[in-house]
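Visitor: sharing a model prediction with you, sequence too.
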Amino acid sequence: MQNAGNTVDTLRLTLSGSVPGGGSLLLCVDNVCYTDNVAEISFGAGMVKNAQIRVAVPGGTAAGTSGALQLQVLSTSDPGQASSVQIVVTVQ
C-alpha cells in the first residue's frame, strides 16, 4: 500500500473469508500481526507499507480444496478512497 496523497493518512485494513479445511487466517502489516484481522495503519505522504496474509491449513486437507479471501482497504481520512482485492487459496 502507498499513501499517494500529500498528508498523513490512516488506512483501515479488513481481512475476511474462508480458509480451506477450517484453517486459520492472519493479517500482518510490516511483520506486525493482528489476530482480529483488522488493522489501522497511519503513514505519511508517499510512504509504502507491506501487508501479508498468512494462511494455515490443517494437515490432511484434500488437495484442490479452496477458499476465498477478501482484503478491503479504506482511507479513514477520505472514505471515498477504498479498494479491495479477492484472493483464492487452493491447497496443493
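Guide: Happy to help now that I have it. Since the structure is predicted, the reported quantities are computational estimates derived from the model, not experimental observations.
Visitor: beta partners of S42?
Guide: Applying DSSP bridges to S42 yields these beta-bridge partners: T10.
Visitor: can you name the residues in contact with stretch 26-38?
Guide: Under the criterion Cβ atoms under 8 Å, 6 or more residues apart in numbering, residues 12-16, 25, 39, 41, 49-56, 71 lie in contact with stretch 26-38. The way it works is simple: take the backbone N, C-alpha and C, and place the C-beta from them, glycine included.
Visitor: try it again with 10 Å
Guide: Defining contact as Cβ atoms under 10 Å, 6 or more residues apart in numbering, one finds that stretch 26-38 is touched by 1, 11-17, 19, 24-25, 39-41, 43, 48-56, 69, 71-72.
Visitor: burial count for L27?
Guide: Counted by other Cβ atoms under 10 Å, the residues lying close to L27 total 22.
Visitor: for the residue of the chain most remote from its centre, what are its contacts?
Guide: No residue in the chain sits farther from the centre than G60, which is 25.8 Å out by Cα atoms, centre = their mean. By Cβ under 10 Å, 6+ apart, the residues touching G60 are G21.
Visitor: now V8
Guide: 42-45, 47, 77.
Visitor: ok, which pair from these is furthest apart?
Guide: Farthest apart among the contacts of V8 by Cβ to Cβ are M47 and S77. That separation is 14.0 Å.
Visitor: does the residue nearest to V85 when sequence neighbours are not counted belong to a helix, a strand or coil?
Guide: The shortest distance from V85 to any non-neighbouring residue, by Cβ to Cβ, 6 or more residues apart in numbering, is to L71 (5.2 Å). Assigned with DSSP: H, G, I helix; E, B strand; the rest coil, L71 falls in the strand class.
Visitor: does L71 touch I53 like I think?
Guide: Yes: assessed by Cβ atoms under 10 Å, L71 is found in contact with I53 at 6.9 Å.
Visitor: overlap of the contact sets of those two?
Guide: 15, 17, 27, 37, 85, 87.
Visitor: narrow those residues to those that are buried.
Guide: Using 16 or more other Cβ atoms under 10 Å as the burial test, the shared contacts of L71 and I53 include 15, 17, 27, 37 as buried.
Visitor: which residues does the first one contact?
Guide: Contacts for L15 were tallied using Cβ under 10 Å, 6+ apart; they are 25-28, 34, 36-39, 51, 53-54, 69-72, 87.
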